[in-house]
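Q: no FASTA, just this:
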């Protein structure tokens, strides 16, 4: 396992203890909601959430969409344990790496990755894996901080210092577009979210 992933496991296992407390929960909830409003996933579809944490995005889908088949994967056992306490058998949850997704080709209608990609040690490999497991005509949504402009770069450095995130990989809007394009996605769209985050959606 990559040393960055080993560091992330320790970090996120610690974060799992307080991740669902009001302030962080609602920050992630609101970001996810805006992202899902853009994606508009259809009822009775299959969704994989990469870096699902305690399942905040999956909770939203379960409450607002009918007949969805929900999957979540996270590198942290602590996060997945918390998520399993919420969902029981209503979601398929497992521990695993975004760089080697344990799913079949062309399996999901939608793949989401919210505030997780900057922790992945090999961004291009993660993108390729997202493409592989998405069905033809399916969509991938990535929501992450981005590094266009001094203010955003400073904000990323501040967050890294406060939360002691270690080594992370934050990209510009154009770099994120190119990652998606190189992986094979088409009809790529991008939107800013609350100035500091970027939503990038690609279709397979």
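A: Right, received. Where do you want to start? Predicted model, so just to flag it, every value in this text is computed and none were measured.

Q: Mind jotting down where the strands sit in this protein?
A: Counting by DSSP state E, the chain has strands at residues 46-50, 69-74, 92-95, 108-114, 134-145, 186-193, 197-203.

Q: Just send those back as a markdown table, with mean neighbour count and distance to residue 24 too.
A: Using the backbone N, CA and C atoms, a C-beta is placed for each residue, glycine as well. Formatted as a markdown table, the strands of the chain follow (neighbours: other C-beta atoms under 10 Å; distance: least, C-beta to C-beta, whole Å):
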| stretch | mean neighbour count | distance to residue 24 |
| --- | --- | --- |
| strand 46-50 | 25 | 17 |
| strand 69-74 | 22 | 15 |
| strand 92-95 | 17 | 19 |
| strand 108-114 | 24 | 13 |
| strand 134-145 | 21 | 15 |
| strand 186-193 | 13 | 17 |
| strand 197-203 | 21 | 15 |
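
Q: Could you pull up the residues touching residue 114?
A: Contact analysis of residue 114 by C-beta atoms under 8 Å, 6 or more residues apart in numbering lists 28, 31-32, 35, 49, 51, 57, 141-144.

Q: That one: what's its closest spatial neighbour, skipping adjacent residues?
A: Among residues not flanking residue 114 along the chain, residue 143 sits closest, at 4.3 Å (C-beta to C-beta, 6 or more residues apart in numbering).

Q: Return the residues in contact with the closest residue to residue 61 other than its chain neighbours.
A: Excluding its sequence neighbours, the residue lying closest to residue 61 (C-beta to C-beta, 6+ apart) is residue 68, at 5.6 Å. Residues in contact with residue 68 (C-beta under 8 Å, 6+ apart) are 41, 43-47, 61-62.

Q: Please state the backbone phi and psi of residue 68?
A: Here is the backbone geometry of residue 68 (degrees, to the nearest 10): phi -80, psi 140.

Q: How much space separates it from residue 180?
A: Noted for residue 68: a distance of 24 Å to residue 180, by C-beta to C-beta, to the nearest Å.

Q: Residue 142 now?
A: 8 Å.

Q: low pLDDT regions in the chain?
A: Applying pLDDT under 70 to the chain flags the ranges 1-4, 149, 151-167.

Q: So which residues lie in contact with the lengthiest helix in the chain, not counting its own?
A: Counting by DSSP state H, the longest helix found in the chain is helix 22-39. Residues outside helix 22-39 that contact it (C-beta under 8 Å, 6+ apart): 18-19, 53, 56-57, 60-61, 64, 110, 112, 114-115, 139, 141, 143, 191, 193-194, 197, 199, 201.

Q: quick one on the thing from earlier: which residues touch the residue nearest to residue 114?
A: Residue 143 is in contact with 31-32, 35, 112-115, 193, 197-200, counting by C-beta under 8 Å, 6+ apart.

Q: give me that answer again for 7 Å
A: When contacts are counted by C-beta atoms under 7 Å, 6 or more residues apart in numbering, residue 143 touches 31, 35, 114-115, 193, 197, 199.
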